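Engineer: sharing a sequence plus its predicted fold:
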Amino acid sequence: TYVHEGMKRFLQGFRYDAHPMGMLLAGVGALSTFYPTAKNIDDPDERLAEVIEDGTAVHYSAVQRGTPVYSTDEVVVGEVERILDNYEEHIFDGIVIRTDAGERFVDAPEVARTAELAVTLTISAAAAAQLPEPERGPPSFKPNNGGRIARLLGGGWRKS
């Protein structure tokens, strides 16, 4: 969990009608007792992990091609190649990322956050290296604007 269990018990100790601002002030003051090593900000070995600066959270469909993809251990594992979704039902299926080893498929449950500047995964860099290649689906066809003669002779569709 993101909140220390002791901190949760601390907040449950307040009366049911306690003012939220008083609870917030007391809770922030109590944080140093739950994370005593965080006070040594000059010692890089004892600092809390830095947060990836990824900008504002965005809908998965707004993620741009070429956006860096980070693992949970803050390693860049690749770049977004394309987003896979079920357009009609608005269901996020996953991301195809471009890595040094080629294209890899990241399933939707393995994507923790999509943001303006980065995508963060729920898996480590080692697990990301084991991701499968994306499956190639059947080809899709689009109408060809070839005219009436082309449609009559079977040229009315083109493979995309």
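Structural biologist: Yep, it's here. Residues are numbered from 1 along each chain as shown.
Engineer: only C-alpha atoms from now on, for both contacts and neighbour counts.
Structural biologist: OK.
Engineer: counting by contacts, list what the host helix or strand of residue 24 packs against.
Structural biologist: Element membership of residue 24, judged by DSSP states H and E, is helix 20-34. Counting contacts by 3 or more Cα pairs under 8 Å, 6 or more residues apart in numbering; DSSP states H and E, helix 20-34 is packed against helix 5-12.
Engineer: tell me which residues of the helix it packs on are tucked away?
Structural biologist: By neighbour count with 16 or more other Cα atoms under 10 Å, helix 5-12 contains the buried residues residue 7.
Engineer: identify the residues contacting that helix?
Structural biologist: Applying Cα atoms under 8 Å, 6 or more residues apart in numbering, the contact partners of helix 5-12 are 23, 27, 30-31, 34.
Engineer: quick one: that helix to chain centroid distance?
Structural biologist: Per Cα atoms, centre = their mean, to the nearest Å, the displacement of helix 5-12 from the mean C-alpha position of its chain is 29 Å.
Engineer: got the CA coordinates for that helix in CSV?
Structural biologist: Only the C-alpha atoms of helix 5-12 are listed here, as CSV (Å, rounded to 0.1, in the frame of the first residue of the first chain):
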residue,chain,number,x,y,z
GLU,A,5,-0.4,0.9,8.2
GLY,A,6,0.6,2.8,11.3
MET,A,7,-0.5,6.0,9.6
LYS,A,8,-3.9,4.6,8.9
ARG,A,9,-4.3,3.6,12.5
PHE,A,10,-3.2,7.1,13.6
LEU,A,11,-5.9,8.7,11.5
GLN,A,12,-8.5,6.3,12.8
